[in-house]
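*Asks:* test case, fold it:
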Amino acid sequence: MTQARQEFILAQQRMLERYEVTAQSRFVDVASINGKAHVLVTGDGPAVVMVAGIGTPGSIWAPLAAHLGGFRLFLVDLPGYGLTDTTDDFAGNLRQGAVGFLEELLDGLELDAPHFVANSLGSLWTMWLALDRPARAARMVHVGCPGVILGSSAPLQMRLLSVKPVGRFLTWLQPPSGSQVEQLSRMVNEHPLAPELADLLLATERLAGFREMFLATLHVLLRLRGSRPELRLSAGQLAQIHQQTLLVWGEDDPFGSAEVGEQVASAMPTAELIPIAGGHAPWLSKAEQIGPSIVDFLRRDT
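*Replies:* Okay, the predicted model is just below:
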């Protein structure tokens, strides 16, 4: 085991301990990544799969997981982030890869159609799953603006990183560090971070394969002017998602304004919107407020 992987595992454990979440690691064979996916499993009850955003591991959900009692939670590391394997070309056909990864993961976990809680890139992936494999998802909760949806975009810093030569130069110029993670937290309007979370993100960025996967995904989804039209979730696509959906939207989310949230809710046949103070990951500071609303929503049909 590499030192970077050991440091990540320790940072993950400290994150879980801070929020008093007791979880077991589980590794699942996933053909689409030619390797294993890592999932943290905690709690008992109906299954809820939690899918985080770009560059963040499943344990980032710990603050919210502590407030989702009565459910069996599966906190997923996406390919290249955390302890999940990836392939060099995974981002090349991102939608197919994302849907394949999630479906194979559900098969490996023996989950038919669980609920989903997702953020950002994870929300984009779960919406693709709902469109392409609608029978595999029950209710969905999206906390923060889903990736590349309607008129949303990304902060300039991320759009710059999506340009291949610029992204490589900038990540070489500013390698993972405490100050770089602090800048990230300010970019997503979630500053300051808990020390355990800052350490977790830094350990994630230092894992082998992180940089390549991160930059490749940004290049596929974004350009300097904003999201790439061919992958952008349109109003027509949103109208085809019939899962009951809860949108928990940070009023200061730099990826999509409150107005975008209203447009998304209007475009989806069965969506409801809860605006909340916060940025792109509002559960990091508002978990006590968000948790009960999510529990009530997910329990309506259990």
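
*Asks:* how near is the residue nearest to Val248 when sequence neighbours are not counted to Ser234?
*Replies:* Nearest residue to Val248 in three dimensions, chain neighbours excluded: Val143, at 4.5 Å (C-beta to C-beta, 6 or more residues apart in numbering). C-beta coordinates here come from the backbone N, C-alpha and C atoms, glycine included. From Val143 across to Ser234, the span is 22 Å (C-beta to C-beta, to the nearest Å).

*Asks:* tell me the contacts of the closest residue to Ala66 other than its chain neighbours?
*Replies:* Nearest residue to Ala66 in three dimensions, chain neighbours excluded: Tyr19, at 4.5 Å (C-beta to C-beta, 6+ apart). For Tyr19, the contacting residues are 62-63, 65-66, by C-beta atoms under 8 Å, 6 or more residues apart in numbering.

*Asks:* so which of the residues you listed sit within strands?
*Replies:* Using DSSP state E, the subset of the contacts of Tyr19 located in strands is empty.

*Asks:* got JSON lines for those, with neighbour count too?
*Replies:* Shown next, in JSON lines, are the contacts of Tyr19 (neighbours: other C-beta atoms under 10 Å):
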{"residue": "Ala62", "neighbour count": "28"}
{"residue": "Pro63", "neighbour count": "22"}
{"residue": "Ala65", "neighbour count": "28"}
{"residue": "Ala66", "neighbour count": "18"}
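
*Asks:* hmm, which two among these are most spread apart?
*Replies:* Farthest pair in those (C-beta to C-beta) is Pro63 and Ala65. Separation: 7.4 Å.

*Asks:* on that earlier part again, make a markdown table out of the contacts of Tyr19 and add pLDDT and distance to Pro269.
*Replies:* Listed next are those as a markdown table, based on pLDDT from 0 to 100; distance: C-beta to C-beta, whole Å:
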| residue | pLDDT | distance to Pro269 |
| --- | --- | --- |
| Ala62 | 98 | 32 |
| Pro63 | 98 | 31 |
| Ala65 | 98 | 29 |
| Ala66 | 98 | 32 |
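
*Asks:* understood, closing this out.
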